[in-house]
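In: can't give you the sequence, but here's the structure:
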């Protein structure tokens, strides 16, 4: 370790196997993000993992470097300013406002965290941490379960350490071969499809409060907020519901069909000038607490994303990228790009590129793709299987929502549990409809 180097501490949680005499080893879990807490996921293991898995594995969750209880970045906790405007600007004044808050956030991260730490929280660094965790556990191989961005961690780990993989499940896969722009735009296209599915569901449900015309209700609400943010007295605070917050709120509700009723009520109330429901969706997703304090997850998401790249370029390229994104995804494209404008001002240089994913000699890796996943389109799961090569296998879960394992489908949960425990690979072309 060179002069002046710092040590990064990683926080881990072990949930012991329920049947110690039949313990197989450790199941390392990551919930995605980047920026989400693996400790929180391990703590919730009993809620979503099949009993067969809980009986046989110690479940190990960790907060990746920069995140949560590990050595974490500090970009400030009062972040309302970052969402005070419009992430899909229509004129020079709105672009200037977005540019100012994005630059302010990037500068705060650089000043409060320091470039040395910001430069050392990349995906590649976290993958090497996974190997250090395996070594510390004293195990020859690990079993890994990764959701969303966690699939990228798993795929890169299998690429670099193929012999260390006992079994691996990657649910809701990221496609690491995409450019930064294409990733943002394709995700926005997935959100578009998810919103259309919400509209169709609501139109067929007489109990939906915007049943008569859900698409126009959404359009009217968003146009109204664009013209003038809604003033809200919410949980004892005087707030404004902005366009940026409304976009995040709608996208957050599309992660799971269980949130569609909340979104419908929030839009219906917003039509009457009441924005509390939309703010609830925003606050939950962004981990905003009463009083305006935000958790570490969104800053860590941006910090890791900005570091990993590939960079879109300087701020001057963003208007053209937003315009292209808006053509392909009119409701979410521009905002999905604008949320990352802080990367144009990032103080830490972009990290070295990740190695191309390829793990033909690794043990069989199972990738789960949800047919109508609005966040990580199923095409990404299909692409990841092709990149991994070898014995990698795709399992499809029918339905809507982001990720599927552990959500109660016997068709899916049983064969995945059998694979994790007994190494019985699910049948080819398994397509679960319930």
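Out: Structure received. Since this is a predicted model, take the numbers as computed values, not measurements.
In: Break this protein into its domains for me.
Out: The chain breaks down by automatic domain parsing into domains covering 11-71+120-176+354-432, 80-117+179-345.
In: Throw these into JSON lines and include mean pLDDT and mean neighbour count, thanks.
Out: Any C-beta I mention is one placed from the backbone N, CA and C, and that applies to glycine too. Output for those, formatted as JSON lines (pLDDT from 0 to 100; neighbours: other Cβ atoms under 10 Å):
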{"stretch": "domain 11-71+120-176+354-432", "mean pLDDT": "96", "mean neighbour count": "20"}
{"stretch": "domain 80-117+179-345", "mean pLDDT": "95", "mean neighbour count": "19"}
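In: Could you say which helix or strand holds residue 370?
Out: Per DSSP states H and E: residue 370 is located in strand 365-372.
In: now for that strand, which elements pack on it?
Out: Contact partners of strand 365-372 among helices and strands, from 3 or more Cβ pairs under 8 Å, 6 or more residues apart in numbering; DSSP states H and E: helix 149-160, strand 165-171, helix 180-203, helix 378-388, strand 393-400, helix 410-422.
In: Could you dump those into a markdown table with distance to residue 267 added?
Out: Listed next are those as a markdown table, based on distance: least, Cβ to Cβ, whole Å:
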| stretch | distance to residue 267 |
| --- | --- |
| helix 149-160 | 29 |
| strand 165-171 | 29 |
| helix 180-203 | 9 |
| helix 378-388 | 27 |
| strand 393-400 | 18 |
| helix 410-422 | 31 |
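In: who wins for proximity to residue 103 among the ones you listed?
Out: Across those, residue 103 has its closest neighbour in helix 180-203 (18.9 Å, Cβ to Cβ).
In: Could you tell me the angle between that closest one and strand 393-400?
Out: Taking axes from the mean of the first three to the mean of the last three Cα atoms, to 10 degrees, one finds that helix 180-203 is oriented at 40 degrees with respect to strand 393-400.
In: Downstream of helix 180-203, the next helix or strand is which one?
Out: Toward the C-terminus, helix 180-203 is succeeded by helix 214-227 as the next helix or strand (DSSP H and E).
In: just to revisit the earlier point, out of the helices and strands packed on strand 365-372, which is closest to residue 268?
Out: Closest to residue 268 of those is helix 180-203 (Cβ to Cβ; 10.1 Å).
In: relative to helix 214-227, how tilted is the closest one?
Out: Here helix 180-203 runs at an angle of 130 degrees relative to helix 214-227 (the same axes, to 10 degrees).
In: Tell me how far residue 422 lies from residue 56.
Out: From residue 422 across to residue 56, the span is 9 Å (Cβ to Cβ, to the nearest Å).
In: returning to that earlier point: to residue 370, which of the helices and strands packed on strand 365-372 lies closest?
Out: Nearest to residue 370 among those is strand 393-400 (4.8 Å), distances taken as Cβ to Cβ.
In: What pairs with the closest one, parallel or antiparallel?
Out: Under the criterion DSSP bridges, strand 393-400 sits next to strand 365-372 (parallel), strand 431-432 (parallel) in its sheet.
In: Of all the helices and strands packed on strand 365-372, which one is nearest residue 287?
Out: helix 149-160 (16.4 Å).
In: So what touches the closest one?
Out: 29-34, 36, 123-124, 126-128, 130-131, 144, 146, 164-165, 168, 170-174, 176, 354-359, 362, 365, 367, 376, 384, 387-388 (Cβ atoms under 8 Å, 6 or more residues apart in numbering).
In: Contact partners for residue 333?
Out: 184-185, 188-189, 322, 324-327.
In: if we go to 10 Å?
Out: Residues in contact with residue 333, defined by Cβ atoms under 10 Å, 6 or more residues apart in numbering, are 88, 184-189, 191-192, 321-327.
In: rewinding a little: now tabulate the strands paired with strand 393-400 in TSV and tack on distance to residue 393.
Out: Shown next, in TSV, are those (distance: least, Cβ to Cβ, whole Å):
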stretch	distance to residue 393
strand 365-372	5
strand 431-432	12
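In: So which of the helices and strands packed on strand 365-372 is nearest residue 260?
Out: Minimum separation from residue 260 across the helices and strands packed on strand 365-372 (Cβ to Cβ) falls at helix 180-203, 5.4 Å.
In: got the angle for that closest one vs helix 378-388?
Out: On the basis of the same axes, to 10 degrees, helix 180-203 is oriented at 140 degrees to helix 378-388.
In: chain center to helix 180-203: distance?
Out: Here the centre of helix 180-203 is set off from its chain's centre by 15 Å, with Cα atoms, centre = their mean, to the nearest Å.
In: got it, and stretch 220-240?
Out: How far stretch 220-240 lies from its chain's middle: 26 Å, per Cα atoms, centre = their mean.
In: Show the end-to-end separation of that stretch, please.
Out: Using Cα to Cα, to the nearest Å, the end-to-end distance of stretch 220-240 comes out at 18 Å.
In: which other residues reach it?
Out: 80, 83-86, 88, 90, 94, 210, 213, 241-247, 250, 266-271, 273-280, 282-283, 289-292, 331.
In: Look at residue 3 and report its pLDDT.
Out: Per-residue pLDDT puts residue 3 at 48.
In: same deal with residue 78?
Out: Turning to residue 78, the model gives it a pLDDT of 95.
In: For it, grab the count of nearby residues.
Out: Applying other Cβ atoms under 10 Å, we find 11 residues neighbouring residue 78.
In: Next up, the contacts around the residue nearest to it when sequence neighbours are not counted.
Out: For residue 78, ignoring the flanking residues on the chain, the nearest one in space by Cβ to Cβ, 6 or more residues apart in numbering is residue 292 at 5.3 Å. Counting by Cβ under 10 Å, 6+ apart, residue 292 touches 77-81, 237, 239.
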